[in-house]
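>>> can't give you the sequence, but here's the structure:
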């Protein structure tokens, strides 16, 4: 599959840059073949306040019933339901109020048939009672309760194990924990949870022409755009970005950086086949350069491979190409290595094209669009380097390799940024 | 509007719990009337690696052109476009290669008409050239370049200011910063950015019956579910949760906690009209209890008001009611105080009901549903306290106050959890 050594019989001799570009589908197939399943991912144990949005590593089972005791579901009066039969507002049933039952504390004695107990939501039902009369169904006359409507036994009472039974799997492995899921774990006494460890993603920015991110450009030097962008993308996809200074276009410096500890290495820049593109050669020599050159636009110089236990992604230095290659390949891997769905993280909408969208057969296009109402307008951009096109855009369309594009009015699927 | 002092002429004398419940619409109208606009929100200045997902406080203007110099958009050969007119593969045009142009470094001399310079993507165009010939449109014969197709002037060249012009507003105030937006800011030398400060949200959990979150329930004590759930909800909505130990049902302790420093206070528990419900009385006495009791289910005992410069939300202790009241009111306020859209943070889908959905006229219902394909199945739950219903559910339907519910097959809008 390696495109760095031209072996394909149909290789176009005029494509000097890359002897042969791999299809996007073949590149994804290689990537998916090397991603481990959820059960093989490293895990860590965290407290309840640290797990929002994290991925559960193991099925979680309740050791308790919820509720653990019969409890009132509303503010009212605990009593025997059977004793209220026949009560109406014309013929109220009088009961003696003998006390109050608060949450957390048991009532001190058995309640008899002619008696009732004030009870608050969540309080345990006193012995001898089996129903709660809502305040609205009663009148008070001193300490005498006048029941205006009957309530049946069990009414407004939360029964033992009604919500969760001891032994139930309350959350399955692989679940991305939502706020209410954490509430449930808390309520059944699970204070620490085993979640999938975030993949550690080293962001290596290479290029002699680069100034540090956020530096005012001067002369022929430009400020790095990819470092902070990639860090934000990695965090979005559940990875832990590891940052370092910009690496010069020097094989020794890049080689050292590639071996630093990480689960995934993103190399921005130096990914193509030019004389300063050291990374593909280094990866091929010291590890595996599985894919180099992909039939897509932008980011055709993208590549990927492995070095010892790291996945390495070669991302073009060009910011739009970098974003595109990240999103097609690296983001997918980072999500999967964190136990998440490898699918695109973008919401999709179906809209119509307001203008023609041109594409070239033989490559996948990543076309930025502005969405207005139910129409998508392709952004006319002269080149891949126009990063501002991705900030003006609301999303993108993926045009398949076998398409020449689409006419105005065609229905298309737009992936919405964020 | 205060429901704590029954003044409404139509107040139903049999509703002892709350004299009169405010409508959801009226509660939202009060809330929106006290939320400040973006321009009045407190801000902070952060570095590029800290601003993903944060909200820009001010319009950001570029001080530079991007590109700052004419640069090559691909690997190829810099030359005079005009000199290539008429070149074909049958009649190649020979040019002398006089050197290589790398990114970040200017070429040392003027390029003449019969000459070309190897150039890499991003490198500045040498003086005397105005186009880049792609590698694929050429052959090499030693240091002689054979041009096989003409390129027009300007082709494959990024022009000064083509992407961003000095003086352009590159990002408007209020924008939630995406990864690529941060890349753009970095590339124009903006290293620190003024963003809206996260609202500081104090989470006060009250209740004598409560054990700390994640503690195994024992006897009639139950473990707090709301603290970790609310912390996760606040973080999701862009707030900064501030946590403290569980507060006893004691007016002095609750009063102290209400006055602690915060922009928003979420009080879980003690929100109703029972004898242990101290919070509404405290808020009415020391601040403003604007809304107390809302015509909705669950979470009818919800309330809200102000204490000095804090917004205070009274959330029922019942976990599902707590989630519902948070989502309807508190989350909306936290998002707005962080400069975000106050709209629901959930994705919406239109599906059909698989079963009848019953509701009561006069109150808004928050009905949890399971979504299977294009059908929504209402979850049959006996009470609001069943938090596991919100973890089994895929989302919820909001049934308006004037609806008696919907028959099977009716089209409904489902808000999908996360």
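Received it, and whenever you're ready, just let me know what you need. Please read all numbers here as calculations on a predicted model, not as lab measurements.
>>> how about the helices in chain A?
For chain A, the helices defined by DSSP state H occupy A:24-34, A:179-187, A:226-236, A:251-259, A:278-286, A:319-325, A:331-337, A:388-392.
>>> could you tell me the least trusted of those helices?
When those are ranked by mean pLDDT, helix A:388-392 comes last with a mean of 84.
>>> could you pull out the strands for the stretch 1-150 of chain A?
For the stretch 1-150 of chain A, applying DSSP state E, counting those that start in this stretch gives strands covering A:43-47, A:60-61, A:71-72, A:76-79, A:93-101, A:115-119, A:131-134, A:138-141, A:144-147.
>>> give me the neighbour count for residue A:108.
Residue neighbour count, defined by other CB atoms under 10 Å in any protein chain shown, stands at 10 for residue A:108. From N, CA and C alone the C-beta is placed, and that goes for glycine too.
>>> backbone dihedrals for it, please?
Residue A:108 adopts backbone torsions of phi -70, psi -20, taken as degrees, to the nearest 10.
>>> for the closest residue to residue A:82 other than its chain neighbours, give me phi and psi.
Nearest non-adjacent residue to residue A:82, counting by CB to CB, 6 or more residues apart in numbering or on different chains: residue A:153, 6.2 Å away. Main-chain torsions, residue A:153, degrees, to the nearest 10: phi -60, psi 140.
>>> still on that earlier bit, of all the strands of the stretch 1-150 of chain A, which lies closest to residue B:123?
Residue B:123 sits nearest to strand A:43-47 of all those, at 44.8 Å, using CB to CB.
>>> what residues does that closest one touch?
The contact list for strand A:43-47 (CB atoms under 8 Å, 6 or more residues apart in numbering or on different chains) reads A:54, A:57, A:58, A:191, A:192, A:193, A:194, A:195, A:196, A:197, B:214.
>>> isn't the last one right up against residue B:229?
The one in question is residue B:214. No: Residue B:214 is beyond contact range of residue B:229, at 11.8 Å (criterion: CB atoms under 8 Å).
>>> joint contacts of those two?
residue A:186.
>>> look at those two and report which has more neighbours.
Each of residue B:214 and residue B:229 has its neighbours counted (other CB under 10 Å); residue B:229 has more, 31 against 23.
>>> got the buried residues for stretch A:344-353?
Of the residues in stretch A:344-353, A:345, A:351, A:353 count as buried by neighbour count, 16 or more other CB atoms under 10 Å in any protein chain shown.
>>> same question for stretch A:60-76.
For stretch A:60-76, a neighbour-count test (16+ other CB under 10 Å) marks A:60, A:62, A:64-76 as buried.
>>> repeat for stretch A:288-301
Judged by neighbour count using 16+ other CB under 10 Å, the buried positions of stretch A:288-301 are A:289-301.
>>> circling back: now, which of the buried residues of stretch A:344-353 sits nearest chain B?
The closest of the buried residues of stretch A:344-353 to chain B turns out to be residue A:345 (CB to the nearest CB; 11.0 Å).
>>> can you give me phi and psi for the closest one?
When read as degrees, to the nearest 10, the backbone of residue A:345 gives phi -90, psi 10.
>>> contacting residues around residue A:169?
By CB under 8 Å, 6+ apart, the residues touching residue A:169 are A:59, A:60, A:61.
>>> over to residue A:61?
Residue A:61 is in contact with A:167, A:168, A:169, A:170, counting by CB under 8 Å, 6+ apart.
>>> what pLDDT is listed against it?
Note on residue A:61: pLDDT of 96.
>>> also residue A:108?
pLDDT, residue A:108: 94.
>>> ok, it to residue B:166 distance?
For residue A:108, the distance to residue B:166 (CB to CB, to the nearest Å) stands at 80 Å.
>>> just name the closest of the buried residues of stretch A:288-301 to chain B, please.
Closest approach between those and chain B, by CB to the nearest CB: residue A:301, at 8.6 Å.
>>> let me know how buried the nearest residue to the closest one once chain neighbours are set aside is, in neighbour terms.
Spatial nearest neighbour of residue A:301, chain neighbours left out: residue A:272 (3.9 Å); criterion: CB to CB, 6+ apart. If you count neighbours by other CB under 10 Å, residue A:272 ends up with 26.
>>> just to check, residue A:272 is in contact with residue B:135?
No: using CB under 8 Å, residue A:272 is not in contact with residue B:135; the gap is 10.3 Å.
>>> any stretches of the stretch 251-400 of chain A with poor pLDDT?
A:274, A:381-385 (pLDDT under 70).
>>> the strands in it, which residues?
Here the stretch 251-400 of chain A has its strands, by DSSP E, counting those that start in this stretch, at A:264-268, A:288-292, A:296-297, A:303-307, A:310-315, A:347-353, A:357-358, A:364-372, A:375-378, A:395-399.
>>> and the closest residue to residue A:171 other than its chain neighbours, how far is that from chain B?
Nearest residue to residue A:171 in three dimensions, chain neighbours excluded: residue A:60, at 4.6 Å (CB to CB, 6+ apart). Residue A:60 sits 11 Å away from chain B, going by CB to the nearest CB, to the nearest Å.
>>> got the contact list for residue A:60?
Residue A:60 sits next to A:169, A:170, A:171, A:185, A:190, A:193 when contact means CB under 8 Å, 6+ apart.
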